[in-house]
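Undergrad: Any chance you can model this:
(2 chains)
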Amino acid sequence: MNRLLLSLNRTTLTLALLALVPFLNLQVLTAADSGAFNWDNAIIHIESTSKQYNYIQPWSRSERKSFKSGVVVEGHQIITTADGLQDQTLIRLKKEGGGLFSIGRVVWIDYQANLAALTTDEKDFWTGLQPARLADPVPITGPVRILCWRDDQLENRQGEIDEMTVDNSALSFVSVPALKIASTIAGVGFGEAVTVGDKLIGLAYLQGGDTVLAVPSSFIASILKAREDKTFTGLGYFDFTWDPAENPLNLDYLKLPGAARGVIVKETGLKPGVESPVKPHDVILNIDGFDIDAQGNYRDPQYKKLCLENLSSRNKWAGMECKFKIWRDGKEQNIVYKLPKAEFSDDLIPSQSFDKDPEYVMAGGFVFVPLSEAYLRSWGGNWRQRAPFRLAYYDMDKVRPERPQRVVLSQVLPNEANIGYEGLRNAVIDEVNGVKIKEISDIVTALKSPVNGFDVFKFSPGEPIQQAVLDASTMDQANQQIMSRYHIPADHMLNPPVVPEAVITSPAPTLTSTPAPKPKSKPKQ
Amino acid sequence: MFSFRCLGACVIGLALAICPLRAAHPDAITSPITPTPGGGGSGGTAAQPAPPTGAPASSTPAQVGPLPAAVAPTPTAPAATSSHASEALPQGTPLPEGSEPEKSVVQIITAFQEPNWAAPWIFDVPRFASGTGFLIDGDRIMTNAHVVAFTKQLLVRKYHDPQRYFAKVEFVAHDVDLAIIRVIDPETGKDNPDFYKGMKPLEFGPLPKVRSTVVTYGFPAGGQQISYTRGVVSRIEVQGYVHIGNRAFLAVQTDAAINPGNSGGPVIQDDKVVGVAFEGTHALENTGYFIPTVIVNHFLTDIKDGSYHGVPDAGLRMTNMQNPAFRRMLKLPEDGKQGVRVDKILDIPTTRAVIQPNDVIMQVGDYPVDEDGTITYEGNTVGVSVAFDLAQDGDTIPLKIWRDGKMIDVQLPMKVYKEDSAQGNQYDVLPPYYIYGGLIFTGLSLDYLKTFGENWSDSAGRELIYELAYRHVEDLEHWRPQPVVLASILDNAVNANFTTRSMTMVDKINGMKINQLSDVPKAFAATTGPDAIIEFLPDHHFEVIRKDDAEKANQDILDTYRVPAQSRL
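TA: Numbers count the residues shown, from 1 in each chain, chains lettered A, B, ... in the order given. Below you'll find the model as predicted:
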């Protein structure tokens, strides 16, 4: 897993390079195709209402609205990006730029891939609509149109394809293909259709300046097909990091003869609980028949030079096998790498937490929460600079069996029971009543066994204090008083434990026989 | 949560932007020394290593309780039993009524040159700044340590005398930001008695009372004429001493204007010096700080034997005992309101031998400790650390401790703690380094991190900051005494293909774990094959450098970049 940093502000336009690439898609769609398809009948305006959580006060919530765009595809479905649909409570759909809204619902949503399919049970909605066709492969040069409804008018703006690249998925750490487009259109990145002629070539998901990134339709099509074939098991990823082999002496040291090539593995086993067949200092030479160069790229048949990370999602899903040719111990070896499933819980500090109420435990005014990026984002977009240093530092740390989660005392709600501790906050808790706190539910368990009538809390050694004590005999009474005083509906909120998905431990699925697993977290309808 | 710290633990950063007050001299060729970014102490009431960034309330030093309106007589004898001769404040010759203290106040002009911690053989462009000093007993001039830090030349001007006199540093105490200089004959290097003609040493007074009036004397903004500002003592409490950056001691806050150039100047009340001006803050209006005479006295007593040792550290982290449940659990008397709980003990064997976690310290020397972690010191409610700070290096402090349901007496040895010097600002030391094939290795320190610029806490990288500030308290298994950093790379063909950026921590060289900078040359010398292998943290990536090429290139690189020596260890 090489967390690519292809941020838009570092975008470099490579038109000159593209001109040198002899390798153009023979099926390039051109503007001449336009006119055969009326996009008014395929673009859908989407309004999503979601629960908005306050992770500092996790029991409180408000609502927020997102306005998105989607495209009608076969099977009475609307394909769009997943971003903005998280924690949703109501979806409304509007077609043809006017008329009444219809109530929509999620057919499936995949936050890792940043894609979702919506539908509506109102049959009249589909009258007059026309499913769009998805380009596969997509062109990598030429003009495009970016389409969406604005004030009931179809905005139709021009853009120019810059390149196909590989980037982190919008909501996840997984690497996916991304189509980079130069356009002056404003305010896109919410599932707007990127088209060439009568074909959809992508859904916009991010904009920075005059550059728009889109999920390419080839990637969308591969997921739709896998879902149709019931072979989609979620996105996988390469759970190792690597360095380019640009220092020839490094390859000499590894006894790899010949020209510099391949990448050198650094850390492995980033997927908790899964043993990686790749080892540090392996040189990865070839993946699924594609040679890897010293910068970590391979030559894609459709899209020229792409980062090797793309091979983890190029028609491959979690649990499937990739064939690696590696250099290890002075000789070439072939190994099979089974793609681990990408899940937010793979990170010690999960980057996202969708469709779940925030967890907390309140005990005697001590409010405990699991440390998550959602919590850290309470300090704002630049939380890495503004959040308490150690909490932000743990974002770089890894899940370990003895510590799958970090739990933090986020604040103390002042009460007679906790006098003297009012200023304590953002402190990592290690132990309660002698019980090691691996995850937040352990606190509830630990509080059932006070020590000689006292609840004893031990904090991480780097915290301002190491120990706090509350009276266990008056804990229930204090909790009632605090809940009433601070308008807290319950003294804790814990989600049911996540059952490990079969794809991690089962034999590698075949393309025809493995049923699609249930999504990790189903959106509330 | 209030917690109290007797120093020792790392503190990087300070909630308020307090800065030392040395002014640019009018003759300055560049700007004066900039305020120390991120320097500062815990304020004596925050035990948490303050994160280098402005974290929200979690890192805000807790405040002590309301200040007493009236000042009651308090114990005057130091709580410590001193191994040094018991010293009173220097008496000097009392100034007669209607005296003119300004005649004893001098302007100090320093030309200073700081080392560059990223390119350790280089010194920055010499700069000029000015501060203030005053004559004390024994033909000595007292000033701040930050006025004389890294000085290359000291000049002194006295009242209504256009002549500039040469001076030299006799003692410097960077932890408490004080120094003693003497005026010398530049040709002989000996004292210049002519300078002191017509001057009388100033006498020290007691800790001023809150709301009493004080006058500062100094040369703010580098002006050549002395300036007087009057104000009241607005607060007396433990403050971070930003010059050292990771220490906090008693300080007095006043609304008398204290500006750059006032540094080292006397703060006078009733013709006696009650403090030495030393720092201010941009965060609060009309707020300046001066070092009270209890700290000055500690310094003067310390140097009596001819060298400065420093303020010792008990190595205790303490926290309040205000929670009734915790008091009951430790079986403290029901009606008691005394005691501060030992929450953590630093790795100081002499302390660990006599103190245990969850000991409740009821009295330090003569000072009973309240449950909020304060003592009453000369009528002021201040943090308990003040009582510990009265001790000299080697002293023993008597403590009354509540342990296992009963009171016991303990003698706590006090020693100066220097193991955390890399976590504070370092002065008058040259940065260590070792160069091999253009790779510049140095020890990780706050001074090195500051080379990342004013916003170093954002740009230095969380790994380096964690390593310096937190690893030793959170992850002893992976802690190293002096983490080594690849500080930068002097480009040469031998390292041209390196993909590793500089500012990366070194894990191993040729398989040898690098615990300190002195391990680096040993590890390279142990290269057995044609290549040396350098492994880095945190992700264990590596780079290879060819031994013969590197060793051949060494001298060429040193010559090219005018590096005087391959190492300074």
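Undergrad: Would you mind listing what in the stretch 301-450 of chain A touches chain B?
TA: A:379, A:384-390, A:392-393, A:396, A:412, A:417-427 (CB under 8 Å from any CB of the partner chain). C-beta coordinates here come from the backbone N, C-alpha and C atoms, glycine included.
Undergrad: at 7 Å instead, please
TA: Within the stretch 301-450 of chain A, the residues that sit near chain B (CB under 7 Å from any CB of the partner chain) are A:379, A:385-390, A:392-393, A:396, A:419-426.
Undergrad: Now, of those, which are buried?
TA: Listed as buried from these are A:379, A:385-390, A:392-393, A:419-426; burial here means 16 or more other CB atoms under 10 Å in any protein chain shown.
Undergrad: which SS state does residue 251 fall under?
TA: Went with chain A since none was named. Taking DSSP: H, G, I helix; E, B strand; the rest coil as the rule, one finds A:L251 in the helix state.
Undergrad: Please name the residues that touch it.
TA: Applying CB atoms under 7 Å, 6 or more residues apart in numbering or on different chains to A:L251 gives the contacts A:A245, A:A260, A:V283.
Undergrad: Tell me the most packed of those residues, by neighbour count.
TA: In terms of neighbour count, A:A245 stands highest of these at 26 neighbours, by other CB atoms under 10 Å in any protein chain shown.
Undergrad: Is it correct that that residue is in contact with A:K266?
TA: No. The criterion here is CB atoms under 7 Å, and A:A245 misses it with A:K266 at 11.8 Å.
Undergrad: What residue in chain A is the furthest from its centre?
TA: The outermost residue of chain A relative to its centre, with distances by CA atoms, centre = their mean, is A:N452 at 45.6 Å.
Undergrad: Centroid-nearest residue for chain A?
TA: Centroid-nearest residue in chain A, with CA atoms, centre = their mean: A:S172, separated by 2.0 Å.
Undergrad: quick one: what helix or strand has that residue in it?
TA: Under DSSP states H and E, no helix or strand contains A:S172.
Undergrad: That one contacts A:L115, correct?
TA: No. Counting by CB under 7 Å, A:S172 stays clear of A:L115, with 11.3 Å between them.
Undergrad: Could you tell me how many residues sit around the closest residue in space to B:D393 that isn't next to it in sequence?
TA: Nearest non-adjacent residue to B:D393, counting by CB to CB, 6 or more residues apart in numbering or on different chains: B:H309, 4.0 Å away. By the criterion of other CB under 10 Å, B:H309 has 17 neighbours.
Undergrad: need the contact list for B:H309.
TA: Residues in contact with B:H309 (CB under 7 Å, 6+ apart) are B:D302, B:D393, B:V416.
Undergrad: what's the longest helix along chain B packed up against?
TA: The longest helix of chain B (DSSP state H) is helix B:547-560. Using 3 or more CB pairs under 7 Å, 6 or more residues apart in numbering or on different chains; DSSP states H and E, the elements in contact with helix B:547-560 are strand B:433-436, strand B:531-537.
Undergrad: most neighbours, which of the contacts of B:H309?
TA: Compared across these, B:D302 has the highest neighbour count, 23 neighbours, by other CB under 10 Å.
Undergrad: Show the backbone phi and psi for that one.
TA: phi -60, psi -40 (degrees, to the nearest 10).
Undergrad: Give me the pLDDT for it.
TA: What the model reports as pLDDT for B:D302 is 98.
Undergrad: Which parts of chain B are helices?
TA: B:145-148, B:293-302, B:324-329, B:349-352, B:385-388, B:446-449, B:456-459, B:462-469, B:471-474, B:519-525, B:547-560.
Undergrad: Make TSV out of the ones you listed and add distance to B:R157.
TA: Below are those laid out as TSV (distance: least, CB to CB, whole Å):
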stretch	distance to B:R157
helix B:145-148	13
helix B:293-302	23
helix B:324-329	58
helix B:349-352	46
helix B:385-388	36
helix B:446-449	31
helix B:456-459	36
helix B:462-469	40
helix B:471-474	45
helix B:519-525	47
helix B:547-560	42
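Undergrad: Quick one: closest of the ones you listed to B:Q269.
TA: helix B:293-302 (10.5 Å; CB to CB).
Undergrad: Which positions in the closest one come out as buried?
TA: B:T293, B:V294, B:I295, B:V296, B:N297, B:H298, B:F299, B:L300, B:T301, B:D302.
Undergrad: any idea which of the residues you listed is closest to A:I185?
TA: In terms of CB to CB, no member of those lies closer to A:I185 than B:I295, at 65.0 Å.
Undergrad: Test my guess that that closest one contacts B:A173.
TA: No. The pair B:I295 / B:A173 is not scored as a contact, 9.2 Å apart, by CB under 7 Å.
Undergrad: Next up, the contacts around A:A490.
TA: Under the criterion of CB under 7 Å, 6+ apart, A:A490 has no contact partners.
Undergrad: likewise B:V147?
TA: Residues near B:V147 by CB under 7 Å, 6+ apart: B:R22, B:I108, B:T110, B:G131, B:A179, B:S263, B:G264.
Undergrad: separation between the nearest residue to the last one once chain neighbours are set aside and A:N452?
TA: On the basis of CB to CB, 6+ apart, the spatially nearest residue to B:G264 that is not a chain neighbour turns out to be B:T143, at 3.2 Å. Computed with CB to CB, to the nearest Å, the distance linking B:T143 and A:N452 is 57 Å.
Undergrad: tell me the pLDDT at the residue lying closest to A:G462 once chain neighbours are set aside?
TA: Once flanking residues are discounted, A:G462 sits nearest to B:E474: 4.4 Å by CB to CB, 6+ apart. B:E474 carries a pLDDT value of 87.
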